[in-house]
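Enquirer: how would this look folded up:
(chains A and B)
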Amino acid sequence: MNVRIGPLSVRLAPRALLVSVCLVLIGLAVTVAALATGEFTVPVPDIVQALFGQGPPVAELIVSKLRAPRVVTGLLVGAAFGLSGAIFQSLTRNPLGSPDFIGFTAGASTGGILAVVAGGSAMTIAGGAMAGCVLTAALVYGLAFRGGVQGYRLVLVGIGANALLLAVNSYLLTRANINDAATAGAWLTGSLSGRGWDHAIPVALALAVLAPVCVLLSRPMRMIEMGDDAARAMGVRVEPVRALAIAAGVLLSGVATAAAGPVIFVALAAPQLARRLTRSPGVTMGASALMGAVLLTGADLAAQRLLAPTQLPVGVLTAAIGGTYLALLLRKDRH
Amino acid sequence: MPDARLSGTGLTLAYDQRVVATDLSVAIPDASFTVIIGPNACGKSTLLRALARMLKPKAGAVHLDGSVITSLPSKEVARRLGLLPQSSIVPDGITVADLVARGRYPHQRLMRQWSKADEAAVTEAMRATDVTELAERIVDELSGGQRQRVWLAMALAQETPILLLDEPTTFLDISHQIEVLDLCADLHEAGRTMVAVLHDLNQACRYATHLIVMRGGTIVAQGDPAEIVTSELVRQVFDLRCEIIPDPQSGTPLIVPEARRRVTPASA
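Expert: So this is what the prediction gives:
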């Protein structure tokens, strides 16, 4: 066997790069399709003009006011879920350690439902979701903390919190009046329907700050995946890295849930798919974010068009698409 | 007293509230192959973890090159002192070359992730541990002995003058145990200070140039194995009656436990 150690650091890079480029292209294609198609078809040249405020008035209204905010929100929320999932799966060293399994998304839902019941506006619901997510995370972290946080403890405590919060959510829904319950129910499925720029902007700001943090954290986090002692022996300051990563992951899943509701499965599936496609032996932030964006917008496009004119909430499809694809990949893995 | 870059003074070591050892003082002689030994739960791994700054002492301090070890930047310590933990998690699907390359972490920065020095260190570490042939293999698929050599290669790639090993031979069969210990002896001869926690007293006597014997959280004896290992010491530390004879291969002390009943030749 001819072993060359030289190109070691670049050997994995081409594949990760190729996967990322493909994901960007798929994302672009989905975006264009989402902008162009629907009840009213807008030709591609008109889309570009409409985005710059030059197209026919009807095209401008449909593209800039209705479709563009929805697709942009989808891309950003998907990326945020992807990053958040990548962080927690890496920290817990467990594919099931994603925010939708360890209570954070359920906590955000509780906050959201309470806001609905209190008669809140869309902004209040978003705020309630964010607060619910952060509070749940603080609670889970506090309960799991024992001179540092072990991954499996975080998962176990999180699963407990998740069960408890789902029960609380069901209770709240049964106690709410029928209109509130319907509103909350729609929000709980996770949807991008009717999302405007005021939904997209908070997620964009959060990503602008937190995505670079995630990239900086990915190298020490890969070391921590080998065990706390192994990472510490290599000079990683394990607890500060972990605390910062948890903060970033909670804020990302909180802000994403606030914008789109608790869309399940993106945070779980995106990092796993990214990791398998890039064959990277460790957390892959960039590819996870791209995969999340593609997964969510792709699912939303399908949800709008598959059974048109019936519109499905995107949460229904993320589970279907992500779950099927993941099952296929896992099956292939066994060989 | 020989020079010691790494030492601990007045250490009280505890996990949460459970105190494992009190008032331990220990100096690791430079360029020695120090082996820490003692019965289960005597605090030997705890001492090693404290020396490697994995465990913060409740009292006392570990010093590296004259500074309190926790006052030094973490990466700086990692360039001087390496640790092979008792168990580490192999990342899914990682190749041998990639895992060994992770040993370069303390030498790397965000903007300088793979220098010539990194490459040279990884090549040398893989050569020294004889895993060059395995470079492209997936670590998960290797045998226990091969995997332990890969972990050692990762620790070597770190290029630290001091290397601590927490029970490096556990879970290995006898031939792989000897293989790993011979490798450690080679590394020691090449000028490194080696510190290992071992279970097997005979192996400890054969490989150690400096032996630290512990029981119940205290150090019972330390020094050259040939000078300190007596049947009295073994009885005191391990509650084992034994006879000590020279190891026919190395001349170091060899512990032969007393037979409780006479062994008769098998009749069936």
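Enquirer: touching chain B at all, the host helix or strand of A:Leu328?
Expert: Element membership for A:Leu328, per DSSP states H and E: helix A:314-333. No - under the criterion of C-beta under 8 Å from any C-beta of the partner chain, chain B is not reached by helix A:314-333; the shortest gap measures 9.4 Å. C-betas here are computed from N, CA, C, even on glycine.
Enquirer: list the buried residues for stretch A:269-280?
Expert: By 16 or more other C-beta atoms under 10 Å in any protein chain shown, the buried positions in stretch A:269-280 come out as A:Ala269, A:Ala270, A:Pro271, A:Gln272, A:Leu273, A:Ala274, A:Arg275, A:Arg276, A:Leu277, A:Thr278, A:Ser280.
Enquirer: which ones are touching A:Val32?
Expert: A:Val32 sits next to A:Val44, A:Ile47 when contact means C-beta atoms under 8 Å, 6 or more residues apart in numbering or on different chains.
Enquirer: pull out the buried residues from the helix or strand containing it.
Expert: Per DSSP H and E: A:Val32 is located in helix A:13-36. Neighbour-count burial for helix A:13-36 flags A:Ala16, A:Val19, A:Ser20, A:Leu23, A:Ile26, A:Gly27, A:Val30, A:Thr31, A:Ala33, A:Ala34, A:Leu35, A:Ala36 (criterion: 16+ other C-beta under 10 Å).
Enquirer: tell me the pLDDT of the nearest residue to A:Thr37 once chain neighbours are set aside.
Expert: Among residues not flanking A:Thr37 along the chain, A:Arg305 sits closest, at 6.6 Å (C-beta to C-beta, 6 or more residues apart in numbering or on different chains). pLDDT for A:Arg305: 83.
Enquirer: one more: the one 10 residues further on?
Expert: Note on A:Gly315: pLDDT of 82.
Enquirer: give me the neighbour count for A:Arg219.
Expert: A:Arg219 has 18 neighbouring residues, counting by other C-beta atoms under 10 Å in any protein chain shown.
Enquirer: which residues touch residue 79?
Expert: If you meant another chain, say so; for now it's chain A. A:Leu207, A:Ala211, A:Ala289, A:Leu290, A:Gly292, A:Ala293.
Enquirer: nope, chain B please
Expert: Listed by C-beta under 8 Å, 6+ apart, the contact set of B:Arg79 reads A:Gly235, B:Pro106, B:His107, B:Gln158, B:Glu159, B:Thr160.
Enquirer: flag the shaky bits of the chain, pLDDT-wise.
Expert: Since you didn't name a chain, this refers to chain A. Within chain A, the segments meeting pLDDT under 70 span A:1-13, A:147-148, A:329, A:332-335.
Enquirer: think we crossed wires, I meant chain B
Expert: For chain B (pLDDT under 70), the answer is B:1-2, B:110-112, B:262-268.
Enquirer: if we go to 50?
Expert: Residues of chain B meeting the criterion pLDDT under 50: B:268.
Enquirer: the helices in it, which residues?
Expert: Taking DSSP state H as the test, the helices found in chain B are B:44-51, B:74-80, B:96-101, B:116-128, B:144-157, B:174-189, B:201-207, B:225-228, B:231-238.
Enquirer: now do the helix or strand where A:Thr257 lies against helix A:314-333, angle only.
Expert: Using DSSP H and E, A:Thr257 sits within helix A:238-260. Relative orientation of helix A:238-260 versus helix A:314-333 (axes from the mean of the first three to the mean of the last three C-alpha atoms, to 10 degrees): 130 degrees.
Enquirer: follow-up on the earlier one: could I get the buried residue list for the helix holding A:Leu328?
Expert: Residues of helix A:314-333 classed as buried: A:Val314, A:Gly315, A:Val316, A:Leu317, A:Thr318, A:Ala319, A:Ile321, A:Gly322, A:Leu326 (neighbour count, 16+ other C-beta under 10 Å).
Enquirer: could you give the number of residues near the closest residue to B:Arg49 other than its chain neighbours?
Expert: Ranked by C-beta to C-beta, 6+ apart and with sequence neighbours excluded, the top spatial neighbour of B:Arg49 is B:Leu55, at 4.5 Å. B:Leu55 has 20 neighbours, counted by other C-beta under 10 Å.
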